[in-house]
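[1] 3D model of this:
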Amino acid sequence: MIALKDIRVEYRTNPIDVGTGTPRFSWKLESDGRGVKQGAYAIELALDKDFSALVWQSGKILSQESHLVRYGGTPPPLLESSKRYFWRVKVWDKQGAESPWSEAFFETTLLGGGEWPAVFISAEDEDAGASSAGTLLRKEFAVSGPLKSARLYASAKGLYRAVVNSRRAGEWALCPGWTEYGERLLFQTYDVTDSVASGTNVLGLTVGPGWYKGDLAGWVGKRNVFGKRTAVIAQLRLEYDDGRVELIPTDSSWQGAPGPVLYSEIYHGETYDARLEQEGWDKTGFSRAGWKPVFIESRDTGILRPQDGPPVKEQEHLKPLSLFTTPQGERVIDFGQNISGWVRFKVQGKAGDRVKLRHAETLDAAGNFYTENLRSAKQTIEYILKGGAPETYAPFFTFQGFRYIAIDEYPGALDMDNFEALAIYSDMRPAGEFSCSYPKLNQFISNVRWSMKDNFVDIPTDCPQRDERLGWTGDAEIFCRTAAYLMETAPFFKKWLRDLGASQFPDGRVPHVVPDVLSTSVAGDKISDAAGSCAWADAAVIIPWTIYTYFGDRELLEEQYPSMKKWVEYIHSVAQDGLLFNTGFHFGDWVALDAKEGSCFGATPNDLTATAFYAYSTSLLAKSASVLGKTEDTARYKKLREDIGEAYRKEFFTPSGRLAARTQTAHVLSLVFDLTPASYKQRTVDTLVALIKEQNNHLSTGFVGTSFVCQVLADNDHLELAYELLLKEDFPSWLYQVTKGATTIWEHWDGIKPDGTMWSPEMNSFNHYAYGAVSDWVFSTIGGLDTDKEHPAFARSILRPCPGGGITWAETKYESVYGFIALRWELRNGGFSLTLTVPPNTEAELTLPRARPGNIGGVDFAPSKGGAVAVLGSGGYSFEYPWEE
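    Down below sits the predicted model:
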């Protein structure tokens, strides 16, 4: 028996905002048998549920493809905007067994740039650059008959919320998100059919400054980076039962007014005066006294693009753990987890009473509320009551990074039940889970997951709390492989990589942050050199390749290929002889422990780090060219990589094989990027081990070295040393933070020092995921799960658990694009047992550690380094054999 499940379009189930006329279809096979593979599929597309009004039929296609199968044919009709399509798929396995049809639907959104009769409107004057207040905009409209559907398309220069007849449209937050606004402004699509009534209706919009015109990069005082006044664009599409279509666009007939959001800033928080709420403003029959005609801000809709990444939404609700008073007398609530989001609270009092909340990640050594590491960010919420009945509030256009709140003002007695914390992050599907017999390692993985969630709020930020919260390319590049284990990140990174490409300098340099606010003037010009650092700019190459490897998204790779190539060609143009990257500014091995006192720049020479990453990006570019069938580029970049490797050897190795830079990171990069000549390899490995032992078996690496060190050690016969580094609990180590009660990953190994004092508040985030990048090694080596790079997206899994470190069992689960993979091993009573699940339409290469070749569990295993190996088809398996020390 074969069946299908989880059928999706562009990674989503029944979406109503597909932004392409040639979407991609995906499905997963279900079967109880072993070795099941798809032999063929058929897809049908229709305008009705009965599939009588067919638009397209693929016919029976002999193919194993089941992921991101492109709508196409000879050729298919182009899909129309704003239309619902029904689709179904069935498959045949290799033996000819046929599945039933599986059915779903999707809707297209506005697919062309000429479909916007709406214009950008604003309730702010042109000189509103200093204002941080929100505004209200409204329009009454009439519905003249029974409706089939109502769709709202909306976006803003700023942040917005939409309501129809006082009912909020959708559940997304911080819309339209953050992009390179001068090049790409995303619009969202909402189903508001149930909110629209016969007769007169009201469409209302609330707008705030957000990233568009608010404060950014607080340490350099950026403001109005993209513009000086907010604006919004929307059009409501009404489709009647009789086939008529009517559009209600934003235009000069709308009216605007100030709202109760007096102040709202991403970094600083929000002030809301409920006394200024205009009761009924979003309903019919409202008196519009004091409302004024809006301004037409712009008629140019050329920058509008359909939503192309997962939206941000409230994801998890946390109840308070405790309410206490600090030694300094502050009333504090502890929610038990460091998050990104906000607090929703209930309150009752008289008009003019005030609630004031401040947010913080941690307490100081004395147990007092600690906010110095926020720098200029205020993270403060103020709510002024209107009085009377109980009132409920959560912020509109800001978010905070916090575990604790200090309640500076609150009328009446404090009750913890009146407060809850809401964690927000981009709506990504969970992917992987890891657990083992070592509780502190489990907590560490939880901390990594939370730091990812807290910093994947529309873009991959460095931190969610201080006056920064920017899309640092280096952090994202270092972490992208771990992220792919934890969540289905392909749609998330597809959006962000488009902004990376849009912000890339004409010469190929990649900004340090994306969206680029550090080298952008108000006019949009590039005014500084905040771009082109090795490891940071290499995100342009490393992330697309990683996403292709773990999710098989060839289209993403193809779309980003020009950007990837531009970065490598830029390096080639400025490198010495085109080979040694020894020019420009580089962060290098950032915040390494071998840095000079007071510096964040590690001791590894930047020319070595830069050339190593140049070699790595060039190798990935060659592989990408090969996948995309670009034969000339494949040959060119393979040759360039060889030449860079030879130049690296001559520049950084002595003739006797000694690496000139005596740092842990220099040796790690030379090994992990295959830049060490074979004859020098053992010496390089031995020196790395010696350097670690000199630090009493601790790390001295920074951002670029830390993520690879365990992999390098394990790959070079030092597995137990890798385990020792991972499981150490004293400073500096990954688990040191866990012993200090951390619930997220810190920016510094010693954010809180052993004596309880803090690292410098100038740069001391307690929610920075970069050092959590070692988790990909935890999944692939301890958990034993990776993907074969030649068969991406776990079409062929590599299952190779490597027990050690005193861990007696480990379990890894992963929801791949083909289905569920599970692997659990256990050491018990002198034996090793392993159970696993391989999803249909895939296979797995399993290496059993320390096993002898032969038949184990009904499977024939061949000899392999460190054990025995076999290739398995889909299905469930279990193995057990003696564990030989």
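
[2] drop to CA atoms for contacts and neighbour counts, all remaining ones
    Noted.

[3] mind listing what's buried along stretch 47-65?
    Neighbour-count burial for stretch 47-65 flags 47, 55, 56, 57, 58, 64, 65 (criterion: 16 or more other C-alpha atoms under 10 Å).

[4] ditto for stretch 711-718
    In stretch 711-718, the ones that count as buried by 16+ other C-alpha under 10 Å are 711, 712, 713, 714, 718.

[5] next, the residue nearest the centre of the chain: phi, psi?
    What sits nearest the mean C-alpha location of the chain, by C-alpha atoms, centre = their mean, is residue 456, with 4.2 Å. Dihedral pair for residue 456: phi -100, psi 60, per degrees, to the nearest 10.

[6] so it makes contact with residue 425?
    Yes. Taking contacts as C-alpha atoms under 8 Å, residue 456 lies within contact range of residue 425: 5.8 Å.

[7] how many residues are close by residue 759?
    Neighbours of residue 759 under the rule other C-alpha atoms under 10 Å: 17.

[8] how about the contacts made by the residue lying closest to residue 828 once chain neighbours are set aside?
    Sequence neighbours aside, residue 808 is the residue nearest to residue 828 in space, at 7.4 Å (criterion: C-alpha to C-alpha, 6 or more residues apart in numbering). Residue 808 makes contact with 436, 437, 826, 827, 828, according to C-alpha atoms under 8 Å, 6 or more residues apart in numbering.

[9] pairing partners for the helix or strand of the chain with the lowest mean pLDDT, with directions?
    Least confident helix or strand, the chain: strand 54-57 with a mean of 94, by mean pLDDT, DSSP states H and E. Its sheet considered, strand 54-57 pairs with strand 38-46 (antiparallel) by DSSP bridges.

[10] farthest-apart pair in the buried residues of stretch 47-65, please.
    Taking C-alpha to C-alpha as the measure, the buried residues of stretch 47-65 span a maximum distance of 27.1 Å, between 47 and 64.

[11] for stretch 202-222, C-alpha coordinates in PDB please.
    The C-alpha trace of stretch 202-222 is given here as PDB (Å, rounded to 0.1, in the frame of the first residue of the first chain):
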ATOM      1  CA  VAL A 202     -14.900  49.900   7.100                       C
ATOM      2  CA  LEU A 203     -11.400  49.100   6.200                       C
ATOM      3  CA  GLY A 204      -8.900  50.500   8.800                       C
ATOM      4  CA  LEU A 205      -5.200  50.700   8.900                       C
ATOM      5  CA  THR A 206      -2.800  51.500  11.800                       C
ATOM      6  CA  VAL A 207       0.700  52.500  10.900                       C
ATOM      7  CA  GLY A 208       3.900  52.900  12.900                       C
ATOM      8  CA  PRO A 209       7.600  53.900  12.100                       C
ATOM      9  CA  GLY A 210       9.200  50.400  12.400                       C
ATOM     10  CA  TRP A 211      12.500  49.800  10.600                       C
ATOM     11  CA  TYR A 212      11.500  52.200   7.800                       C
ATOM     12  CA  LYS A 213      12.000  55.500   9.500                       C
ATOM     13  CA  GLY A 214      12.700  54.700  13.200                       C
ATOM     14  CA  ASP A 215      15.900  54.500  15.100                       C
ATOM     15  CA  LEU A 216      18.500  51.900  13.800                       C
ATOM     16  CA  ALA A 217      22.100  51.000  14.700                       C
ATOM     17  CA  GLY A 218      21.900  53.000  17.900                       C
ATOM     18  CA  TRP A 219      25.600  53.200  18.400                       C
ATOM     19  CA  VAL A 220      25.900  55.300  15.300                       C
ATOM     20  CA  GLY A 221      22.600  57.100  15.600                       C
ATOM     21  CA  LYS A 222      20.900  56.100  12.400                       C
END
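
[12] how about it: buried residues?
    By 16+ other C-alpha under 10 Å, the buried positions in stretch 202-222 come out as 202-218, 222.

[13] so where do the helices sit in this protein?
    Along the chain, counting by DSSP state H, helices occupy 210-213, 439-455, 473-486, 490-503, 539-551, 554-574, 606-627, 631-652, 664-672, 681-694, 703-715, 719-727, 734-739, 775-777.

[14] deepest in the core, which of those is it.
    With neighbours taken as mean count of other C-alpha atoms under 10 Å, these reach their highest mean count in helix 210-213, at a mean of 27.
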